[in-house]
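1. need coordinates for the below:
(chains A, B and C)
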Amino acid sequence: MAPILDDLLTVKPPDVPDKTADIDNGGGNEQIPVAPTGRRLADYSPPPSSTAIWVVIAAITMTFAALTSALIIRQASSVDWRHLTLPRILYANTLVLILSSITLTIARHRLTSSRSAGERQAGHRGQWLYATLFLGLLFVGGQWVAWMQLRAQGLYLATNPNSSFFYVLTVAHALHILGGLCGLAYVIRKLNRGVLRKSTLDAAARYWHFVDLLWIYLLMLLWVKI
Amino acid sequence: MAKLFAVTIILVAILSAIPILIHKWDMPPDISTHGALIDKQMSETMLEAGIAFLAAQFILAIFIWKYSNRSKEAKIRTFPGGARVLVVAAFLLVGTEVLALGVFGAKAWGEEYFRPPSPDAMPIQVQAGQFAFYFRYPGPDGKFGATHPAMISEATENFFGLDPNDPAGKDDIVTAEMAIPVNREIHLLMHSKDVGHSFFVPELRVHQDFVPGLDLSVHFTATKPGKYEIVCTQLCGLGHYNMKAYLYVFSQQDFDDWLKKEAALQ
Amino acid sequence: MATPHAVHHHAPPSGFLRKYVFSLDHKVIGKQYYDLALLAVIIGMILSWLMRLHLGWTNFAIPGLHFLTKSGAPGNIMTPEFYLQLMTMHGTIMVFFVLTTAPFAAFGNYFLPIQVGAEDMPFPHFNMMSFWVTCVGFLVLISSFVFSDGPTLAGWTQYAPLSAVGAVAGPGQGLGEVLWASSIGLFCIGQLLGSLNFISTTLDLRTKGMSLMRLPYTVWAWFITSCMGLGAFAVLMPACIFLILDHVAGTSFFVPSNLVINDQLQPHAGGSTLLWQHLFWFFGHPEVYIAIIPAMGITSHILSNNIRRPLLSYKVILGSMVTLALLSYMVYGHHMFVSGMNPVSSLAFSFPTLIITIPATIMVLIWIGSLYGSKIRINSASLFALGFISMFVSGGVSGFFLAQPSIDIMLHATYFVVGHFHLVMAVAAIFGIFAGTYFWFPKMFGRMMNETLGKIHFWLTFVGAYCIFMPFHYIGIAGNVRRYQAFVDDYLQPLIPVHRFITVAALLTGAAQLIFLYNFFHSRFWGKPAPANPWECTSLEWSTPSSPPPFDNFGPNLPVVYHDAYQYGVQSSTGDYLMQASPEQLPAAKQ
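-> Residues are numbered from 1 along each chain as shown, chains lettered A, B, ... in the order given. The predicted structure follows:
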């Protein structure tokens, strides 16, 4: 029956204009009446994990942008591009991943919707989070099957350029999914110990939805190019 | 110490400028038809960069001299016009300068890269490989014979991988040195056998990388007979420093003699 | 409503490992980065001395050289391949493990949280990981000296196919190459983890009253650099992975077909040589701005403090740094003017390259213009800050030449380029690091560095750096090609005496750095105890209760900020400056 903690936004900055006076002429003359107070990490708004996850998403986006442009350039300059048929299981995997985003959204909704301490739904132990975790693992398993199917056709990493890109893109994505699963496991652990913060859950959810969208983008890229 | 620093800055600036002003180590003289624009760009840029360099260092030094060791009561003053004047100055001065350099430089660049070779330019093929340049002339039939990379063999000196079955290749002339007739446009077809290399002849004002997998070319006309060096400027391995070939610019007669001599050695 | 967490973010560390090795404290991590950069710069400098000795006197037997290599120095005479290996390691170590590490990771980690008034970064575990990943990356790089036939010889730029085709291309191109790519891949990950913390700290952990426009230049510089790193390092990492795959997995991302090496047709097919250059320089150009922008921030901060007035415009400096950062992504093709890419692209890249001189010029003019009417205070830190301006101007003007493709025909791959980037990176950025060291040493260690030694160090380095790097430009114009281990061409013979002059200058200037090293280490333990605010500086790091600061930076109470970071030239109870955390209010006086 672990509650989820609100992020502590107890100490909002007082009514001090954030924009200072023209500092080029020596501003900084606002009246700030309060004495110095201690602020803990939990007191900050917006929570740093929110900024952090956007930073992570930005970096991963740049990496896959580089991979995409490499793919485009490589294809343009080659005469040896032999399109391959995408293993059908990829489509099933896509459905699994979309489903996992749905279960995660349900989990988030249930854990953060307004409930007072007295009214806890029975079994409020984050089963939807477990479901998401399971579906994520299922996705990775399905990707593994896809790789095995390609191997069975004789398409390995170095066979031809499009198989190279297929493996690189899908393996890179799967690694980031595994990272997301670690994040979800971390969230579940915190929930079970009763110390989960909303900002942590939000960050993990945002990341998970991102890698889901990333997969849909990659699937389209693979379908069109590879 | 501040005054000493100011003097040092000025001395360093002047000493740095001297070798340029006395032309101690200059570019070698231009022997090309397209190089005049490049040289003009170079001197224009040198003048403007030199003025900017000296002015900045001098003013820095003067300000360090004037505004150090001031008394405690001295008033802090602000540069007349403040930041705005400087920003405007930067935009106007630097902006016009770089636009001018950019626009005129485009002309110099276009002379070499946007003007296609004339139809009766003489084609010569150059192949770069670790660690030598080889040149191929098409011979009397004017056609280059077919080559296959698999047939390249240093051991049998088939540097280009000439196909022995191709009749067009029978009169091809392969040399380790490049010769060209003066005042004749050359269309140089560039190919790399292995890794990246580059073709640079300072006097000819020609510089172009060889890119494995790409067929590139440059064209130029030499105006002065002489012996020049082609050097590799793209790091290609341990022999990079030694990768060079001689370029001879001959009169038409001397060139024909040379080519006949090389043909006999095939 | 749940109970708020009211405990300390993390308790004071205990135990040797937690305190000094696997520390979560950003200050310790900052010092660890600094020490890593110090070790790296010593190694990098020694490599450069070996290179310069060889260039001046090619057949000179350097005592002990054979200890560094299995076959690269028979009879202590450097082979051509060993020269290239030393050169590759010199460049790689300096660019990554010194110029990105010291001004950004080291000083940034130490001072960013303090300067915004936070007790630490928000993700100390990731921060610790960032250091150790970087450290492992460094060890992997250095290990290439020990394994197989030595480090890669393809230069820090690692152009394909030389870098990608495998061991057949030359010594060090097998295992050495894979170690290089792995090391740099790890470095990228380490820096991304660091950027994560820097950005979150700057945006989210500023203390009460610390608005964005009140941040010191240094914080902005570190923040901008972190954002740049997201684009740059996140692109280099996949490029390194492709390179590794080309080596170990038989792929052909960068290796075209039909290559013949040693009379053998290489098994690769269809890769793109230029693809590596595009990916590498998309990283590589922002990287050099990542190297210089923190130094610009540090110089601006230290300059303002030592001329006892704010710079002419905070917003203009800020805007210029942001513009430089944005433009830096649009100019990378200027490294590829004669690379075989479309000549129209070359022109297209040259225009933003020329335009990027405008924000750089604006910053120089603001720095110099701020000196007018100021009260310049001379000490080791301010000498290096002023020296930075001189060096940045010198290095910057050679950029005018290189930005134009037509002139680049003559200067590409010559010593002119080497002179340009050494002046801006190896000198100007290093001056920023030195300035930061002299300035912040009292806060980091509670002791003062020896001023006399600092000044001697400055003089010898300033004059020495000009003696080394100015001549590079002259010989470059004369056509002296770079990355040659010896000068055998006829037209290069007259330039060898210049190389010898440069070598002597390099060795002497290198020796002068021993003064700094002695001063740094001696003062750490036996320097004069430092007062709380020896430079009468306004920013928050000088408001900590002790030097070095306590583990949570400010003790139980975080500061509140009342002023911007450059209240100098005022009349306050403390003198001619007003600290950011001081509640004292002054009548709005025109200066």
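2. distance of C:N306 relative to chain B?
-> Counting by CB to the nearest CB, to the nearest Å, the gap from C:N306 to chain B is 10 Å. Glycine gets a C-beta too; all of them are placed from N, C-alpha and C.
3. what do you get for C:S394?
-> Distance from C:S394 to chain B, by CB to the nearest CB: 7 Å.
4. which element is the residue located most distally from the centre of chain B on?
-> Distance to the chain centre peaks in chain B at B:E73, reaching 57.3 Å (criterion: CA atoms, centre = their mean). If you go by DSSP states H and E, B:E73 is not part of any helix or strand.
5. residues contacting C:F280?
-> C:157-159, C:236, C:239 (CB atoms under 8 Å, 6 or more residues apart in numbering or on different chains).
6. scan these and report the most crowded one.
-> Comparing those by number of neighbours (other CB atoms under 10 Å in any protein chain shown), C:A239 comes first, having 28 neighbours.
7. tell me the contacts of that residue?
-> Taking CB under 8 Å, 6+ apart, we find C:A239 in contact with A:66, A:70, C:276, C:279-280, C:283.
8. need the max-distance pair from these.
-> Within the contacts of C:A239, two members stand farthest from each other by CB to CB: A:A70 and C:F283, at 12.9 Å.
9. picking that back up, between the contacts of C:F280, which sits nearest chain A?
-> Among the contacts of C:F280, C:A239 lies closest to chain A (CB to the nearest CB), at 7.0 Å.
10. confidence score at the closest one?
-> C:A239 carries a pLDDT value of 96.
11. measure it to C:F254 for me?
-> The spacing between C:A239 and C:F254, counted by CB to CB, to the nearest Å, is 9 Å.
12. which residues do these two both contact?
-> What both C:A239 and C:F254 touch, as defined by CB under 8 Å, 6+ apart, is the set C:W276.
13. where does the stretch 101-250 of chain B get nearest to chain C, which residue?
-> Here the stretch 101-250 of chain B gets closest to chain C at one residue, B:G213, 2.9 Å apart by CB to the nearest CB.
14. so who does C:G174 touch?
-> C:G174 neighbours (CB under 8 Å, 6+ apart): C:148-149, C:166-167, C:247.
15. just how off-centre is the lengthiest helix in chain C within its chain?
-> Using DSSP state H, we find that the single longest helix of chain C is helix C:273-306. Relative to the chain's own centre, helix C:273-306 is displaced by 7 Å; criterion: CA atoms, centre = their mean, to the nearest Å.
16. for stretch B:133-150, same thing?
-> Using CA atoms, centre = their mean, the offset of stretch B:133-150 from its chain centre is 26 Å.
17. adding distance to A:Y130 and pLDDT, write the contacts of C:A239 out as CSV.
-> As requested, these are arranged in CSV below (distance: CB to CB, whole Å; pLDDT from 0 to 100):
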residue, distance to A:Y130, pLDDT
A:A66, 35, 95
A:A70, 37, 93
C:W276, 44, 95
C:L279, 40, 95
C:F280, 44, 96
C:F283, 40, 96
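18. what's the closest of the residues you listed to chain B?
-> Chain B lies nearest to C:W276 out of those, by CB to the nearest CB, at 9.7 Å.
19. so what's that closest one up against?
-> Applying CB under 8 Å, 6+ apart, the residues contacting C:W276 are C:158-160, C:163-164, C:239, C:242-243, C:254.
20. gap between it and A:L86?
-> C:W276 is 28 Å from A:L86, by CB to CB.
21. pull the most distant pair out of the contacts of C:G174.
-> Across those, the longest distance by CB to CB is 14.4 Å; it joins C:D149 and C:H247.
22. my guess is C:V463 contacts B:V12, does it?
-> Yes. Using CB atoms under 8 Å, C:V463 is in contact with B:V12, at 7.2 Å.
23. just the terminal-to-terminal distance for stretch B:224-243.
-> End-to-end distance of stretch B:224-243 (CA to CA, to the nearest Å): 24 Å.
24. in chain A, spot the helix with the most residues.
-> If you go by DSSP H, chain A has its longest helix at helix A:161-192.
25. which of the residues in that one are buried?
-> Of the residues in helix A:161-192, A:161-170, A:172-174, A:176-177, A:180-181, A:183-184, A:187-188, A:190-191 count as buried by neighbour count, 16 or more other CB atoms under 10 Å in any protein chain shown.
26. so B:R136: helix, strand or coil?
-> Secondary structure, DSSP: H, G, I helix; E, B strand; the rest coil: B:R136 is strand.
27. and the spatially closest residue to it that is not a sequence neighbour, how far from C:K70?
-> Using CB to CB, 6 or more residues apart in numbering or on different chains and skipping the chain neighbours, the partner closest in space to B:R136 is B:Q125 (4.2 Å). According to CB to CB, B:Q125 and C:K70 sit 40 Å apart.
28. of those two, which one has the most company?
-> B:Q125 (20 against 14).
29. let me know the pLDDT of the more buried one.
-> As predicted, B:Q125 sits at a pLDDT of 96.
30. doesn't B:H191 make contact with it?
-> Yes. The criterion here is CB under 8 Å, and B:Q125 meets it with B:H191 at 6.8 Å.
31. around chain A, pick out the residues from the stretch 301-450 of chain C.
-> Residues of the stretch 301-450 of chain C found near chain A (CB under 8 Å from any CB of the partner chain) are C:310, C:312-315.
32. nearest to B:M151, of the residues you listed?
-> Distances from B:M151 to those, taken by CB to CB, are shortest for C:K315, at 66.4 Å.
33. any idea which element that closest one lies in?
-> Using DSSP H and E, C:K315 falls within helix C:314-327.
34. just the helices in chain A please.
-> Along chain A, counting by DSSP H, helices occupy A:48-76, A:89-112, A:127-152, A:161-192, A:198-225.
35. the inter-axis angle of the shortest one versus helix A:161-192?
-> Here helix A:89-112 points in a direction 20 degrees away from that of helix A:161-192 (axes from the mean of the first three to the mean of the last three CA atoms, to 10 degrees).
36. what's the helix or strand for the residue nearest to C:H422 when sequence neighbours are not counted?
-> Spatial nearest neighbour of C:H422, chain neighbours left out: C:F469 (5.0 Å); criterion: CB to CB, 6+ apart. Following DSSP H and E, one finds C:F469 within helix C:451-477.
37. next SSE after that helix?
-> Counting by DSSP H and E, the next helix or strand C-terminal to helix C:451-477 is helix C:496-526.
38. mind giving me the packing neighbours of that following helix?
-> In terms of contacts (3 or more CB pairs under 8 Å, 6 or more residues apart in numbering or on different chains; DSSP states H and E), helix C:496-526 is packed against helix C:26-56, helix C:430-445, helix C:451-477.
39. tell me which of the ones you listed sits most buried.
-> helix C:430-445 (a mean of 25; mean count of other CB atoms under 10 Å in any protein chain shown).
40. check which helices and strands that helix sits against.
-> helix C:26-56, helix C:107-116, helix C:273-306, helix C:380-402, helix C:451-477, helix C:496-526.
41. tilt between it and helix C:380-402?
-> With the same axes, to 10 degrees as the basis, helix C:430-445 and helix C:380-402 are set at 150 degrees to each other.
42. chain center to helix C:430-445, what's the gap?
-> Using CA atoms, centre = their mean, the offset of helix C:430-445 from its chain centre is 14 Å.
43. contact partners for C:G555?
-> C:P545.
44. I should have written C:F351 there, sorry.
-> Residues near C:F351 by CB under 8 Å, 6+ apart: B:G102.
45. and the gap between B:A89 and chain C?
-> When distance is defined by CB to the nearest CB, B:A89 is 7 Å away from chain C.
46. got the phi/psi numbers for the residue nearest to that residue when sequence neighbours are not counted?
-> Leaving out its chain neighbours, the residue that sits closest to B:A89 by CB to CB, 6+ apart is C:L365, at 6.8 Å. Main-chain dihedrals, C:L365, degrees, to the nearest 10: phi -60, psi -40.
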